[in-house]
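K.L.:
Here is my input; please provide its structure:
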Amino acid sequence: MGIIDFSTSCPWELYLFAFCHLFAGVAMYLVDACSFLTMTPCTVAELFFGRVLGLSLLYVGVIFAALTYYNKQSIAKITRLSNFALNGAIALLVSVVFTGNASFTGGIEPSWMHKLDMLIFIVLVGVLSARVAKPDAEWAQINPINEGMGINCKTLLLLFLVTTTIKFVATTDFIDPAVLLPDGSKMTHLAVWMWKFAVVLLLEVLLALGYAVLFEDDAGHEVMVLTIMIMTVVGTLSILSVQKYMSDWMATLFGFNTIWIKLIIVILVCMAAILGGRRGGGRHFRPFSGYQEVASNA
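P.N.:
I've put the predicted structure just below:
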């Protein structure tokens with residue numbers, strides 16, 4: 001069978017969840033969101049946070065797609081992942097409610113677009129709820145967090161989980177998004193909405209990390225770390241085109257481009273975790289061997 005098999009066991013609900021994020025992310029890159037939503041040229045803040053929003057959508061979509069594909073033969077894990085995705089879908093649905101219909105005071109999205117988004121997320125919540133509510137649903141058991149620690153992918157994911165939690169709290173209550181922009185740049189109503197929506201997507205990344213730490217095996221941890229590393233490269237290349245819209249303290253550090261510094265650090269740390277995990281466990285598995293096993297059994 002192919003990647004997506006619309007049978008009773010295929011996790012098509014999770015594929016749909018990931019696809020919606022990927023489609024919206026690509027659209028943010030291809031469509032001028034400002035002209036589309038406000039019929040005015042984009043400001044500096046809207047250009048920067050529009051790219052952040054598009055990248056965040058792609059990030060979530062790729063992570064959930066990778067986890068779904070890797071575990072598509074494990075019904076118990078898919079049920080757990082669907083439950084985490086359900087929480088993300090509910091958060092997005094509530095976000096769309098607060099985004100508002102432009103036909104009413106304070107709304108941002110055009111009427112037809114808001115209704116479409118409401119429909120999409122109601123459907124996502126419905127199908128994911130139906131998946132986890134099946135009477136015969138299998139649920140994967142939680143893996144002990146304190147076991148298997150060391151220089152490996154599990155430890156790195158746990159570190160990412162803690163730092164992402166701190167980042168999520170900081171971006172909601174302690175960071176003024178205006179400080180990320182050059183001096184003199186102003187936050188518009190649309191830019192504030194983009195920032196807040198990106199924070200909700202950060203919550204979805206947090207959910208994916210939580211799932212990986214609690215329920216994945218060593219190979220699944222490695223898949224997650226590889227996905228994060230790849231998306232960090234994609235994110236770096238993506239942000240370069242809007243780096244001129246970032247504040248100086250974010251763009252440079254002691255005369256060096258901080259974007260490349262962060263990329264190098266993430267790659268080195270991820271590679272160290274992958275190699276350390278393989279050596280420490282005496283394993284020689286390939287993280288994507290699961291895909292090949294699926295293909296051979298299809």
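K.L.:
any idea of the mean pLDDT for stretch 90-107?
P.N.:
Averaging pLDDT along stretch 90-107 gives 89.
K.L.:
Name the residues of it that come out as buried.
P.N.:
The neighbour-count check on stretch 90-107 (16 or more other C-beta atoms under 10 Å) flags 92-93, 95-96, 99, 101-102 as buried. (C-beta placed from N, C-alpha, C; glycine too.)
K.L.:
Could you do stretch 169-178 as well?
P.N.:
residue 177.
K.L.:
Between its first and last residues, how far does that stretch reach?
P.N.:
Stretch 169-178 has an end-to-end distance of 17 Å (criterion: C-alpha to C-alpha, to the nearest Å).
K.L.:
which parts of stretch 142-154 are buried?
P.N.:
148, 152-154.
K.L.:
want to throw these into TSV with distance to residue 69?
P.N.:
Listed next are those as TSV, based on distance: C-beta to C-beta, whole Å:
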residue	distance to residue 69
148	23
152	22
153	18
154	20
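K.L.:
In JSON lines, list these along with secondary structure and distance to residue 32.
P.N.:
Listed next are those as JSON lines, based on DSSP: H, G, I helix; E, B strand; the rest coil; distance: C-beta to C-beta, whole Å:
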{"residue": "148", "secondary structure": "coil", "distance to residue 32": "47"}
{"residue": "152", "secondary structure": "coil", "distance to residue 32": "44"}
{"residue": "153", "secondary structure": "helix", "distance to residue 32": "39"}
{"residue": "154", "secondary structure": "helix", "distance to residue 32": "42"}
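K.L.:
Could you identify the most distant pair in those residues?
P.N.:
The two members of the buried residues of stretch 142-154 with the most space between them (C-beta to C-beta) are 148 and 153, at 9.8 Å.
K.L.:
Overlap in contacts, the two.
P.N.:
Here residue 148 and residue 153 have residue 218 as joint contacts, going by C-beta atoms under 8 Å, 6 or more residues apart in numbering.
K.L.:
where's residue 86 relative to residue 129, distance?
P.N.:
Applying C-beta to C-beta, to the nearest Å, the value for residue 86 to residue 129 is 6 Å.
K.L.:
more crowded one of the two?
P.N.:
residue 86 (24 against 15; other C-beta atoms under 10 Å).
K.L.:
so that one sits in a helix?
P.N.:
Yes. Using DSSP: H, G, I helix; E, B strand; the rest coil, the secondary structure at residue 86 is a helix.
K.L.:
Spatially nearest residue to it, not counting backbone neighbours?
P.N.:
Distances taken as C-beta to C-beta, 6 or more residues apart in numbering put residue 128 closest to residue 86, at 4.1 Å, once the chain neighbours are dropped.
K.L.:
where's the helix or strand that contains the one you found relative to the chain centroid, distance-wise?
P.N.:
Per DSSP states H and E, residue 128 falls inside helix 111-132. Distance of helix 111-132 from its chain centroid, counting by C-alpha atoms, centre = their mean, to the nearest Å, is 18 Å.
K.L.:
Same question for stretch 193-206.
P.N.:
Centre to centre, stretch against its chain (C-alpha atoms, centre = their mean), the figure for stretch 193-206 is 9 Å.
K.L.:
Stretch 32-41 too?
P.N.:
That offset, for stretch 32-41, works out to 25 Å (C-alpha atoms, centre = their mean).
K.L.:
May I see the buried residues of that stretch?
P.N.:
Those would be 33-34, 37-38, for stretch 32-41 by 16+ other C-beta under 10 Å.
K.L.:
No more questions from me, cheers.
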